[in-house]
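Visitor: no sequence for this one, just the structure:
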Ligand code: AGP
């Protein structure tokens, strides 16, 4: 999931616009980066590493009015200068986000037409193919139509052509926006890349060619007829990317969770449970729910499953999207497929959504990014209000997604009469009081002490039963992705069936114990590992009698809300460990914020 940006401007400010845009897109990948700009011909600058490294090579005294840029998360070809975008073949220079799946066969065809390749990338093949069609048609828009007919896979392209004063763009699956500003016009993978300079934006539809001049943006269909555009004003608040004094965006976003919770749920509960029923779709017509997602979003689905099954009494099937999209599905017109995605662009989750829609199954998207592809394509949208999440490791968006799934469980439980008025009253009281409890849980000083005890270990285990098992999976992923410690999450009762062999003297085991009817069982499992030398850390809402080496007590609230408190220690222990290990917490190695490739 790379990031692309392009500018065609009268103010010749291209180099600043491209570098600023790439910095805003670093969340999409930061292996390497490059720009191509017009100034006495097309000039290309590339660099391995983050945008700061590229910027060192840029001379801002150079004035240019046209340019494209790219920040890379490698899919084909190792991370080196040669494989960096932009790529140039003949008259064509491009940046690309996506995967050309038939690039090997295309490469052979092009080599038979005397094209030579210097890189291992699918993008260079795409560039050569466009050059071939451009030489045949002498018309870049016709060349792009032929390109779209020929390639298989995903792409969002920025294209500049020798002797042509426009930028051209086409997309399929990978996201791309076009935007307008006072001094020029833009393309980008995400609005945030150009929101500092642009005023209006629209999402480029598939099978549309965008022609971007410094004065205008013209859209063409495959027959090269001009089509209508639909620009919307950019919400400039997304430019607020200040860390507000926190060391890392991740810590800032953890601290934002009380407000995010309030923002996400308040609009559904302004008139108590009645508004929740009114403002959400009628879920009672479904007798089964599939929740499909990736990574942390998948973990929210596991929490949602537990809550919806327990309180709404319907079966919930949770699957990782990369499996769901290819497997046989047992859904019908009484199934609701819920996709969960912070970015709303994750390729596997989007493919699962499109598969369900293609089978005429009702789809609902829980997403954070307004205007994202999933937000636009799902039948029903429940937008969380986490605000822009910059840290690659999700925290506030995860919590907001869990909160939305809790609201769905509450909505269904209430609509089906599964919970009485007194319980609803208790829940609404807990909802009202939760932000303060979240704040107090965030401020618990224990996390740093525990981090000091475990940060030098090379393996850590998380265990839990029921909903705590779902939380243990998120805790394990948080630790892995930001501290690079190998970690595993296990159903507490399952550890003894083999993996307990990995428990050595001093191995940290973090147990999560919030399910009243299962606490004693998990205590036994913690004893089992302690007797084998483990350092035991308990996270619990029960004032249990235990001999854990460390214990974090969190407030006890209604089960529908408990996961939102339980996840806080998991996020902050991981954060403190990563800090002690001097890791790049906001942009961990090998990761990217939005995975828009398979
Ligand atoms: C979360 O910390 C990870 N960065 C990753 O697992 C993420 O949750 C996953 O890639 C899904 O992203 P999405 O929510 O944007 O679809």
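Guide: Here it is on my side, so go on. For clarity, every value in this text was computed on a predicted model and none was experimentally measured.
Visitor: centre of the chain to stretch 290-310, how far?
Guide: Its chain's C-alpha centre and that of stretch 290-310 lie 16 Å apart, by C-alpha atoms, centre = their mean, to the nearest Å.
Visitor: same question but for stretch 272-290, I mixed them up
Guide: Distance of stretch 272-290 from the chain centroid (C-alpha atoms, centre = their mean) equals 26 Å.
Visitor: and for stretch 150-170?
Guide: Its chain's C-alpha centre and that of stretch 150-170 lie 25 Å apart, by C-alpha atoms, centre = their mean.
Visitor: residues of that stretch that come out buried?
Guide: For stretch 150-170, burial by neighbour count (16 or more other C-beta atoms under 10 Å) applies to 150-151, 153-161, 164, 166-170. In short, each C-beta sits where N, CA and C put it, glycine included.
Visitor: what parts of the stretch 351-500 of the chain come near the ligand?
Guide: 392-394, 481 (C-beta under 6 Å from any ligand atom).
Visitor: just those residues: which are in helices?
Guide: Among those, the members falling in helices (DSSP state H) are residue 481.
Visitor: name the residue of the protein that lies nearest to the ligand.
Guide: residue 295 (1.9 Å; C-beta to the nearest ligand atom).
Visitor: which pLDDT value belongs to the closest residue in space to that residue that isn't next to it in sequence?
Guide: Of all residues not flanking residue 295 in the chain, residue 477 sits nearest, at 6.8 Å (C-beta to C-beta, 6 or more residues apart in numbering). Residue 477 is assigned 98 on the pLDDT scale.
Visitor: wasn't residue 477 part of a helix?
Guide: Yes: checked against DSSP: H, G, I helix; E, B strand; the rest coil, residue 477 lies within a helix.
Visitor: ok so, going back, and the buried residues of stretch 150-170 near the ligand, which?
Guide: Applying C-beta under 6 Å from any ligand atom to these, one finds that nothing falls near the ligand.
Visitor: break down the stretch 101-250 of the chain into its helices, ranges please.
Guide: Secondary structure of the stretch 101-250 of the chain (DSSP state H, counting those that start in this stretch): helices located at 103-112, 122-137, 140-150, 249-255.
Visitor: quick one, which of those helices is nearest to residue 306?
Guide: In terms of C-beta to C-beta, the element of the helices of the stretch 101-250 of the chain nearest to residue 306 is helix 249-255, at 22.9 Å.
Visitor: buried ones in that closest one?
Guide: Here helix 249-255 shows 249-255 as buried, counting by 16+ other C-beta under 10 Å.
Visitor: stretch 118-137 now?
Guide: Here stretch 118-137 shows 119, 121-134 as buried, counting by 16+ other C-beta under 10 Å.
Visitor: same question for stretch 179-199.
Guide: 179-181, 184-198.
Visitor: report the longest helix in this protein, please.
Guide: From DSSP H, the single longest helix across the chain is helix 421-442.
Visitor: which elements pack onto the helix or strand following that helix?
Guide: Sequence order places helix 446-454 as the next helix or strand after helix 421-442, per DSSP states H and E. Packing contacts for helix 446-454, counted by 3 or more C-beta pairs under 8 Å, 6 or more residues apart in numbering; DSSP states H and E, involve strand 535-540, strand 550-553, helix 562-580.
Visitor: what's in contact with the second one?
Guide: Strand 550-553 is contacted by residues 444, 446-447, 449-450, 453, 535-541, 543, 569 when judged by C-beta atoms under 8 Å, 6 or more residues apart in numbering.
Visitor: quick one: strands adjacent to that strand?
Guide: Strand 550-553 has the following strand partners under DSSP bridges: strand 535-540 (parallel).
Visitor: distance from the partner strand to the middle of the chain?
Guide: The answer for strand 535-540 is 30 Å, by C-alpha atoms, centre = their mean.
Visitor: which residues touch residue 302?
Guide: 318, 469-470, 473.
Visitor: point out where the protein drops to low pLDDT.
Guide: 1, 27-29, 75-77, 597 (pLDDT under 70).
Visitor: what does it put close to the ligand?
Guide: Neighbours of the ligand within the chain, by C-beta under 6 Å from any ligand atom: 294-297, 341-343, 346, 349, 392-394, 481, 591, 594-595.
Visitor: swap the cut-off to 8 Å and go again
Guide: Those residues of the chain that sit near the ligand, judged by C-beta under 8 Å from any ligand atom, are 293-299, 340-346, 349, 367-369, 392-395, 397-398, 401, 477-478, 481, 591-595.
Visitor: take the residues you listed and keep only those in helices.
Guide: Within the residues of the chain next to the ligand, residues falling in helices by DSSP H are 295-299, 349, 397-398, 401, 477-478, 481.
Visitor: among those residues, which pair sits farthest apart?
Guide: Farthest apart among these by C-beta to C-beta are 349 and 478. That separation is 19.7 Å.
Visitor: picking up where we left off before, turn the residues of the stretch 351-500 of the chain next to the ligand into CSV, columns for neighbour count.
Guide: Below are those laid out as CSV (neighbours: other C-beta atoms under 10 Å):
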residue, neighbour count
392, 23
393, 28
394, 28
481, 22
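Visitor: now for the residues of the stretch 351-500 of the chain next to the ligand, which pair is the farthest apart?
Guide: 394 and 481 (9.4 Å).
Visitor: now the common contact residues for these two.
Guide: Counting by C-beta under 8 Å, 6+ apart, no residue touches both residue 394 and residue 481.
Visitor: can you tell me what sits against stretch 468-475?
Guide: Outside stretch 468-475, the residues that touch it by C-beta under 8 Å, 6+ apart are 296, 299, 302-303, 305-306, 398, 462-464, 489-492, 510, 512-515, 518, 522, 563, 566-567, 570, 573-574.
Visitor: in it, which residues are buried?
Guide: 468-475.
Visitor: can you check stretch 414-433 too?
Guide: Using 16+ other C-beta under 10 Å as the burial criterion, the residues of stretch 414-433 that qualify are 414-415, 419, 423-424, 427-428, 430-431.
Visitor: please apply the same query to stretch 350-369.
Guide: Buried residues in stretch 350-369, counted by 16+ other C-beta under 10 Å: 350-356, 361-369.
Visitor: follow-up on the earlier one: can you say which of the helices and strands packed on helix 446-454 is nearest to residue 379?
Guide: helix 562-580 (26.6 Å).
Visitor: what is the closest one packed up against?
Guide: Using 3+ C-beta pairs under 8 Å, 6+ apart: helix 562-580 touches helix 249-255, helix 257-266, helix 396-415, helix 421-442, helix 446-454, helix 467-483, strand 508-513, strand 535-540.
Visitor: for burial, what's the neighbour tally of the nearest residue to residue 401 once chain neighbours are set aside?
Guide: Among residues not flanking residue 401 along the chain, residue 300 sits closest, at 4.1 Å (C-beta to C-beta, 6+ apart). When neighbours are defined as other C-beta atoms under 10 Å, residue 300 has 32 of them.
Visitor: make residue 1 into 57 and carry on from there
Guide: Okay, using 57 as the starting number, the last item reads as residue 356.
Visitor: was I right about residue 356 contacting residue 454?
Guide: Yes: between residue 356 and residue 454 there is a contact under C-beta atoms under 8 Å: 6.0 Å.
Visitor: got the contact list for the residue lying closest to residue 479 once chain neighbours are set aside?
Guide: Closest residue in space to residue 479, ignoring its immediate chain neighbours: residue 614 at 7.8 Å, by C-beta to C-beta, 6+ apart. Residue 614 is in contact with 479, 482-483, 486, counting by C-beta under 8 Å, 6+ apart.
Visitor: closest one of those to residue 333?
Guide: For these, the residue nearest residue 333 by C-beta to C-beta is residue 483; the value is 13.8 Å.
Visitor: circling back to that earlier point, which of the contacts of strand 606-609 tops the neighbour count?
Guide: Greatest neighbour count in these, by other C-beta under 10 Å, goes to residue 595: 30 neighbours.
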